[in-house]
Every structure is written in structure tokens, then in C-alpha cells.
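Enquirer: Here is my input, please return the structure:
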Amino acid sequence: MRLLILGGSWFLGRTLIVDVLARGWDATAFSRGKSGQPPAGATHVIGDRTDPDDLRRLTEAGPWDAVIDTSAYEPIDVARVTNALADRVEQYVLVSTVSAYQDWPTTAVDESSPLWPSSATFTKDSPELADMTIGGKYGTLKAGCEDAATEGTRRSLIVRPGVILGPGEYVGRAMKLLERAARGGPWLLPAPSDQPIQPVDVRDVSTFLLDSIAAGRDGAFNLVAPAGHATYGDLIDMCLDLTGRRAQPVWVDPQWLDEQGVRQWTEIPLWRIPEATWQVDGRRAAEAGLRCRPLVDTLRDFKSALDRDGLIDHPRQSQLGMRPEREAELLAAWDHAQSSGARKRLS
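Expert: Below is the predicted model of the structure:
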């Protein structure tokens, strides 16, 4: 098969190209070339998806059986690609997100849940998005990308991952948790430790996408780990094991953390109060062949790759984690609150 990957230098795009080549298929990577080169063996077309001339030049490298879009953000950009490749590609595979669901993370979702109302013509500056929250704007744009992908091609496959972890992950979520575990001392964490979580390994996402293309599969699929895969406590325990068990978890009331202004999802990575954050139904993908490796393998292999290759610099990394001084203040405040509560119960 001949596949076109929009991206190819980082994380999922790079993993896809490695896997495509391992299958003996042909891979073309289309990227600006500003964040590295795709793996050796892939054809690299340098260009910008927003530039009509670059897109016209890209078509000369086709045709392809499918294009996998790992980096779509604005619907209008997806529409440009579908228009340019209309006669050069059979299937459009879009990597979307569970954020496209209007009610996530406050409500459990499956593939039939409503998406954010959107349009294939939206851009990040569309006036309809002006008064939205960051999450609502992001979800609306991603839903619009889905519209553009399905309206502009013969066949489309839409996948909506939750959190993707594994070798090459650059946002920094796993890195920040491992760094905090390695620092040692009391570690402020949100209870309950048995909160289920559903991260999926980048290599399992890649396998599902390529298997789906080979099988001629279309439609929409949530890509999340199955129920019972792991808990937040498991995640923390694995980080401790991988860093010498120098830290001591202190599990505190999540509502109290929220009252102290602790930023969910960023200041404490992968934590959100709404339980439905991790109640995404992934049964349809599982029935279609998605297999999720143990989370411990994902974290161990991520750490090995991090120790070997370092981490790609990305601006989102600066938004993650908590300053040690702030954590110490919060731990002291929590200890005081617990002591005061105990005294009141005894009086």
C-alpha cells in the first residue's frame, strides 16, 4: 500500500512511518521540515498545508491508498487538503480527539454522542468561536475538521483518542510525572488512587490505523484503553518503580485541590475532577481489533526513549507540573486542614 502521512517527524506521525515501512508499504511524509526529518526510507515532501502551491506540488508524489492526518487543527486546512487530493487519494484518515464531543468530560461518551456544532469552513479566528472557552473552541475546531474530512473524500476513517502516551510523547505529561517521582519527598496527589484511567499507547494507535486501512474500515472510533486497564494509582506506582521509589504519595481531596486553585490536567498531569474524563466507551474499536499493551510497558519504553533521545522541545511542556515551593505550601496547608478537622471531631 502507498500511504501519505501529514506530519511524520514527531510522535504519532513518526511511529506511523516506522510501522508503514516495517510492513513493506510505501510512505510519503508531508511536513514543513522545521521539527526534524521523517525516518529514513520515507519520501519527504517539504511544504505547508496552508500553501496552495505546496499542495499542488504534493499531488505529484501520489497517488496514495490513504492519507493519515495527524496534525489537523483548523477545518479550513483539512478542506484545503481534501480539495487538493480529491483525485489522488482513496481514503482520508483523521486523528481527531474525544474533545470533539460536546459533553466530554462531564458526561460519559460513545461514538453516537453529540459533537460540538461546527463547520468545515471554520478557522481559529471565526467569530462564532470568539466567546468560547479554550476547551470549547478546541473541540469545535476538531469537530469541524471531522466535517471537512468526511465531506471532501470518498471514504473517511475518524479516530478519537483520549490521551496518547508512549515513546516520543512530547507534550510532557509522562515526563513531568516521572520527574516528580524522581525528586522524592511527599508527593501531592488527587484522591482517589483507584480512579480508572484510559491512556493508549502510540504504537497501539498506529497498529489500529494501519490495520483499519488494510481492512478498508471506515466510520468513527474512540481510541482509549478498556475498562479495568489501569488506575491513577497504578500510574503513580509505576512512576515510583521506574525512579527508585524516592517519593511518598499523599492522596488528598480533589475538591480541596480545586478550591486552592490547582489547575486540573496541567499542574497535576492527567487529573480532572469529572469522573467522565475516563468514561469514554472504546468497545467499538476493541471489537475492530484495538489491543492495548500494559501501561507499565508504555511508561517503561517512554522512559527508555527519553533517556536515550531526550525530549523534543515544545511550548506545552512549560504549562505542566507544579513548582516545588507551591507543592510544599499546599502539603502544609493540607496537613493543617486535616489536623484542624481531627481536633474538631475530638472536641
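
Enquirer: what ranges do the helices span in this structure?
Expert: 11-22, 52-59, 75-84, 134-151, 173-183, 202-215, 232-242, 254-259, 283-287, 295-309, 324-346 (DSSP state H).

Enquirer: is it possible to export those helices to CSV including distance to residue 265?
Expert: Every residue, glycine included, has its C-beta placed from N, CA and C. Listed next are the helices of the chain as CSV, based on distance: least, C-beta to C-beta, whole Å:
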stretch, distance to residue 265
helix 11-22, 19
helix 52-59, 35
helix 75-84, 24
helix 134-151, 10
helix 173-183, 9
helix 202-215, 19
helix 232-242, 13
helix 254-259, 12
helix 283-287, 23
helix 295-309, 18
helix 324-346, 16
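
Enquirer: out of these, nearest to residue 275?
Expert: helix 254-259 (10.3 Å; C-beta to C-beta).

Enquirer: As CSV, the helices of the chain with mean neighbour count and mean pLDDT would be great.
Expert: As requested, the helices of the chain are exported to CSV (neighbours: other C-beta atoms under 10 Å; pLDDT from 0 to 100):
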stretch, mean neighbour count, mean pLDDT
helix 11-22, 22, 97
helix 52-59, 15, 96
helix 75-84, 21, 95
helix 134-151, 21, 96
helix 173-183, 20, 96
helix 202-215, 20, 98
helix 232-242, 20, 98
helix 254-259, 15, 96
helix 283-287, 17, 98
helix 295-309, 16, 95
helix 324-346, 12, 81
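
Enquirer: Looking at those helices, which is nearest to residue 157?
Expert: helix 202-215 (5.8 Å).

Enquirer: Now tell me what touches the closest one from outside.
Expert: For helix 202-215, contacts defined as C-beta atoms under 8 Å, 6 or more residues apart in numbering pick out 1, 3, 11-12, 15-16, 19-20, 23, 65-66, 68, 91, 93, 95, 157, 159, 161, 164-169, 221, 223, 285, 288-293.

Enquirer: Not counting sequence-adjacent ones, nearest residue to residue 289?
Expert: Nearest residue to residue 289 in three dimensions, chain neighbours excluded: residue 211, at 5.6 Å (C-beta to C-beta, 6 or more residues apart in numbering).

Enquirer: Hmm, residue 223 and residue 292 touching each other?
Expert: No. Look at residue 292 against residue 223 with C-beta atoms under 8 Å: they stay out of range, at 9.1 Å.

Enquirer: what residues are shared contacts of these two?
Expert: Residues touching both residue 292 and residue 223 (C-beta under 8 Å, 6+ apart): residue 200.

Enquirer: and those two? which has more neighbours close in?
Expert: Taking other C-beta atoms under 10 Å, residue 292 and residue 223 do not tie; residue 223 has more neighbours (26 against 23).

Enquirer: can you tell me which residues contact the closest residue in space to the more buried one that isn't next to it in sequence?
Expert: Spatial nearest neighbour of residue 223, chain neighbours left out: residue 161 (4.2 Å); criterion: C-beta to C-beta, 6+ apart. By C-beta under 8 Å, 6+ apart, the residues touching residue 161 are 95, 97, 98, 200, 205, 222, 223, 224.

Enquirer: Surely the third one and residue 109 touch.
Expert: Which is residue 98. Yes. Between residue 98 and residue 109 there is a contact under C-beta under 8 Å: 6.8 Å.

Enquirer: can you list residues touching both of the two?
Expert: 222, 280.
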